[in-house]
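Novice: Kindly generate the corresponding structure for this input.
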Amino acid sequence: MRSLRRATPPLLLRALRVLLALLLALAAAQSALLAASWLTERLQLPTPPPPLPLPGPRLAVAIPFTAHDASRVLANLREGWDRHPPCAPSDSRRLAPTTELILYFDGRLLDVDRGELSRELLTAAARWTLAGAYGHATGDARVACFASVRYLDARLSPAESTYPLGATRMFFQLVDELAAPDDDSDGQSLEHTSEQSPAVPGGRPMAFGSASGTAAARSRRALPDYLYYMEPDNNACRAGWLTQLHHEAAAGGFWLRGSPPRSGDAGAAQGPLAQHINGNALYALGDPRFARRFLLGHVRPRVLPPDLRGAYGSGTSGGPAASSYPPALPYLGAYDVAIDLIRRDTDIVGARAFGATAHLFQYTPTVQNWYRTPVNATELCSREPETFLVHGRETYF
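Specialist: Residues are numbered from 1 along each chain as shown. The predicted structure follows:
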């Protein structure tokens, strides 16, 4: 008994020391969390997004371009994406299987360069695919953000490829190529929810084709749920921009998500330009009410006249009467402005449908539209922690 009493105090002392060490460790951990929270708030660091759900929505990133834009597209695929990678190595396994990259030329690129430029573009893009992932500036980590890269020709004639109607023709051809089928019997209402037939997985890692392919050819590929339309002057300013697009697509709840004019330029804030969502945006092509009924059913016939005189006059060339959009006539040739104008026109979509769908056209800080105003993308994104992409002809770093 005497020996036991002598041994008891050291045991208690040892236990107290262990308990004190645990309490100190917990206090240190709490202090570290508070410090990290304070530092994040002070530096305006973006909050890390939650893990992506698996398998996640299918997303296509399409880069439309002309021969004049080809050098800029190459620079984006090389220097631009090397500087700001679409995704991190840790995201590759989750993102790449459901993500496709599309290089989309206005004419027929093989007729322009006999295949040399197209091979160069595909080679630059294929580095980011599962088949061609390479060691990025993260040591031995391999970055694969896309399952495949595909090349499409719009096959517009030189007369058809004028601006803005050429860009508008390209956009609607691609929507027609990628949009989910509309299996509803009436195929008219924007409000009626319709069942969507599942897409058939398929496709090759690298392929050439036309953006006016047959329905049978389209059915052999997995159609995307969302499209991000990424023009050559849409520049990444922060790493992980594709991951961010996936998070927005996974959250859903929209038909069109993009940026209003952000430059403050008076010209960009006039009339119909002030509130429209720029074309560099996310489109919910998996919803036939939006893609088939609204974009292709309501907007395309009104924005694209059958001839190239470009005249919206009395409405005899397939467009609305001049009195329908008196302030908007100079801009109706642009698909993004036309989308905004027509979705608000209750004479076209109906008052009830406008009210039921208005919330599906949304702004996001993920991409900023600066149009023709010079902007330093590096400085802009350092001030705006939620911005990953900047669109503008005069963007620089």
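
Novice: So residue 257 sits against residue 365, correct?
Specialist: No: Residue 257 is beyond contact range of residue 365, at 10.7 Å (criterion: Cβ atoms under 8 Å). C-beta coordinates here come from the backbone N, C-alpha and C atoms, glycine included.

Novice: Now do the same contact list for the residue nearest to residue 102 when sequence neighbours are not counted.
Specialist: Using Cβ to Cβ, 6 or more residues apart in numbering and skipping the chain neighbours, the partner closest in space to residue 102 is residue 62 (4.2 Å). By Cβ atoms under 8 Å, 6 or more residues apart in numbering, the contact set of residue 62 is 102, 104, 174, 227-230.

Novice: Serialize those to JSON lines and add fields for secondary structure, pLDDT and distance to residue 82.
Specialist: What follows is the contacts of residue 62, written out as JSON lines (DSSP: H, G, I helix; E, B strand; the rest coil; pLDDT from 0 to 100; distance: Cβ to Cβ, whole Å):
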{"residue": "102", "secondary structure": "strand", "pLDDT": "96", "distance to residue 82": "20"}
{"residue": "104", "secondary structure": "strand", "pLDDT": "96", "distance to residue 82": "22"}
{"residue": "174", "secondary structure": "helix", "pLDDT": "97", "distance to residue 82": "27"}
{"residue": "227", "secondary structure": "strand", "pLDDT": "98", "distance to residue 82": "24"}
{"residue": "228", "secondary structure": "strand", "pLDDT": "98", "distance to residue 82": "20"}
{"residue": "229", "secondary structure": "strand", "pLDDT": "98", "distance to residue 82": "22"}
{"residue": "230", "secondary structure": "coil", "pLDDT": "98", "distance to residue 82": "16"}
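
Novice: Show me the beta-bridge partners of the residue nearest to residue 102.
Specialist: In this entry, residue 62 is beta-bridged to residue 102, residue 229, by DSSP bridges.

Novice: Tell me how far it lies from residue 379.
Specialist: Using Cβ to Cβ, to the nearest Å, we find residue 62 at a distance of 28 Å from residue 379.

Novice: next one: residue 144
Specialist: For residue 144, the distance to residue 379 equals 31 Å [Cβ to Cβ].

Novice: Neighbour count: those two, which is higher?
Specialist: residue 144 (23 against 12; other Cβ atoms under 10 Å).

Novice: For the more buried one, what are phi and psi?
Specialist: Main-chain dihedrals, residue 144, degrees, to the nearest 10: phi -130, psi 100.

Novice: you'd agree it is up against residue 126?
Specialist: No: taking contacts as Cβ under 8 Å, residue 144 lies outside contact range of residue 126: 10.4 Å.

Novice: give me the element residue 337 is part of.
Specialist: When elements are assigned from DSSP states H and E, residue 337 belongs to helix 335-344.

Novice: who does that helix touch, helix- and strand-wise?
Specialist: If you count contacts as 3 or more Cβ pairs under 8 Å, 6 or more residues apart in numbering; DSSP states H and E, helix 335-344 packs onto helix 165-178, helix 300-303, helix 346-349, helix 351-357.

Novice: Could I get the full set of helices for the stretch 201-350 of the chain?
Specialist: Secondary structure of the stretch 201-350 of the chain (DSSP state H, counting those that start in this stretch): helices at 215-219, 241-251, 288, 300-303, 335-344, 346-349.

Novice: tell me what the shortest one is packed against?
Specialist: This means helix 288. So helix 288, by 3+ Cβ pairs under 8 Å, 6+ apart, packs with no helix or strand.

Novice: Show the subsequent helix or strand relative to the helix or strand that contains residue 369.
Specialist: Per DSSP H and E: residue 369 is located in strand 367-371. Proceeding N to C from strand 367-371, the next assigned helix or strand is strand 375-376, under DSSP H and E.

Novice: What number of residues are in the vicinity of the spatially closest residue to residue 368 that is not a sequence neighbour?
Specialist: Among residues not flanking residue 368 along the chain, residue 262 sits closest, at 4.6 Å (Cβ to Cβ, 6+ apart). For residue 262, the neighbour count with other Cβ under 10 Å is 23.

Novice: Confirm for me that residue 262 is in contact with residue 364.
Specialist: No: between residue 262 and residue 364 there is no contact under Cβ under 8 Å: 11.4 Å.

Novice: Tell me how far residue 130 lies from residue 147.
Specialist: Residue 130 sits 6 Å away from residue 147, going by Cβ to Cβ.

Novice: same question, residue 181
Specialist: Residue 181 sits 22 Å away from residue 147, going by Cβ to Cβ.

Novice: For those two, indicate the residue with more neighbours.
Specialist: For residue 181 versus residue 147, the count of surrounding residues by other Cβ under 10 Å is larger for residue 147: 19 against 16.
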